[in-house]
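*Asks:* return atomic coordinates for the entry below.
(chains A, B, C and D)
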There are 2 protein chains.
Amino acid sequence: MVDHQYAFKQFTDYLRSEGKSITPERLDILDLVLHEKGHFRIEDVIRKNERVSRATVYRTLKTIEDAGLIKYIRTIHDEKIFEVVKEHHDHMICEVCGKIIEFHDPELESLQNDICASRGFSPTRHTMKIFGICPACQKRRSQENTPA
Amino acid sequence: MVDHQYAFKQFTDYLRSEGKSITPERLDILDLVLHEKGHFRIEDVIRKNERVSRATVYRTLKTIEDAGLIKYIRTIHDEKIFEVVKEHHDHMICEVCGKIIEFHDPELESLQNDICASRGFSPTRHTMKIFGICPACQKRRSQENTPA
DNA sequence: AAAATAATTGAGACTGATTCTCAATTATTG
DNA sequence: CAATAATTGAGAATCAGTCTCAATTATTTT
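*Replies:* Numbering: from 1, shown residues only, chains lettered A, B, ... in the order given. Okay, the predicted model is just below:
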């Protein structure tokens, strides 16, 4: 879970620092986004918030992204999927059921930094996606191949 | 460089195995793609091959991708960039000049496998992108900040 | 708190990328 | 070579995302 209070403060601070207005539309969308469990698509936000226009949803999601509160990844099918930014983490994506599993590994992070350093590249951020089959789908598959 | 001869064989084998026809359009596009240095965009292929229709370029690039000969990544600006598949590698992407640097690190690969194993996830492939500033742009920047 | 100013919104037009349709063409098979 | 199956091209259609601009709302100024 994300601290909503804190997220709202971060967002309004960001808006003020950029000379942008604090509007009910923006707060509504942030609220909706914070209540999303896990990952969500833009269409979800548009559908669940008919009061706000499609254009404003797009604009506002980009603003919230610029504020550093959400980010997106691409699924196997190239769908844009948003998520609320928590601590940094990477993703495992199941190619069978589409499930997205988050993970974080400090060793991986430091190894990445080493690799960059050895090449004179100055990293700011990274994304890593591992595609494969999640435990549940592996189990289901092995059951299907061994019928009663 | 990629062995063209071998790539053509792989492609025609793939087509045959899928019951697909071997057409001049498909071979032309594969040929063009193999001659691309590094990374290319779909529009490049369409422009350089006016004999073949836009629709067929799209269809054929997907076919070549399915055959495992090319793949694509997304840049910072969400552009689709294709590349010929060589040995597996990951990418560093410069946020200043857009340059794409390929790298491969066996330690990274085995660490990824360990991480998956510990979570019961069976990996098939992965993508990793590190965004940051390339050596050339770092140098250029530091020069700009220290004028003569 | 009203006026003046600046930013935002909504509706729908627009764009660019990609997919679809289907008749005409070309490859494959027997 | 004829019959069959797959592919192609041209343009229509779709889709996500952006843009326009007048009307509305937030912010700042007096």
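*Asks:* switch to C-alpha atoms for all contacts and neighbour counts from now on
*Replies:* Fine.
*Asks:* for chain A, what lies in contact range of chain B?
*Replies:* A:105, A:108, A:111-112, A:115, A:119-135 (CA under 8 Å from any CA of the partner chain).
*Asks:* which residue ranges make up the domains of chain A?
*Replies:* Domain assignment for chain A by automatic domain parsing gives A:1-86, A:87-137.
*Asks:* dump the ones you listed to JSON lines, plus mean pLDDT and mean neighbour count.
*Replies:* Shown next, in JSON lines, are these (pLDDT from 0 to 100; neighbours: other CA atoms under 10 Å in any protein chain shown):
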{"stretch": "domain A:1-86", "mean pLDDT": "94", "mean neighbour count": "15"}
{"stretch": "domain A:87-137", "mean pLDDT": "95", "mean neighbour count": "16"}
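*Asks:* for the ones you listed, give me JSON lines that also has distance to DNA strand D.
*Replies:* Below are these laid out as JSON lines (distance: least, CA to the nearest atom of the strand, whole Å):
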{"stretch": "domain A:1-86", "distance to DNA strand D": "4"}
{"stretch": "domain A:87-137", "distance to DNA strand D": "17"}
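*Asks:* which one of these lies closest to DNA strand C?
*Replies:* domain A:1-86 (3.4 Å; CA to the nearest atom of the strand).
*Asks:* the closest one near DNA strand C anywhere?
*Replies:* Yes - Domain A:1-86 is in contact with DNA strand C by CA under 7 Å from any atom of the strand, via A:19-21, A:23-26, A:51-56, A:59-60.
*Asks:* narrow the residues you listed to those in helices?
*Replies:* A:Pro24, A:Glu25, A:Arg26, A:Arg54, A:Ala55, A:Thr56, A:Arg59, A:Thr60 (DSSP state H).
*Asks:* so what's the third one up against?
*Replies:* Contact analysis of A:Arg26 by CA atoms under 8 Å, 6 or more residues apart in numbering or on different chains lists A:Thr60.
*Asks:* same deal with A:Cys116?
*Replies:* For A:Cys116, the contact set (CA under 8 Å, 6+ apart) comprises A:Ser122, A:Pro123.
*Asks:* so where does it fall, helix or strand?
*Replies:* In the assignment (DSSP states H and E), A:Cys116 maps to helix A:106-118.
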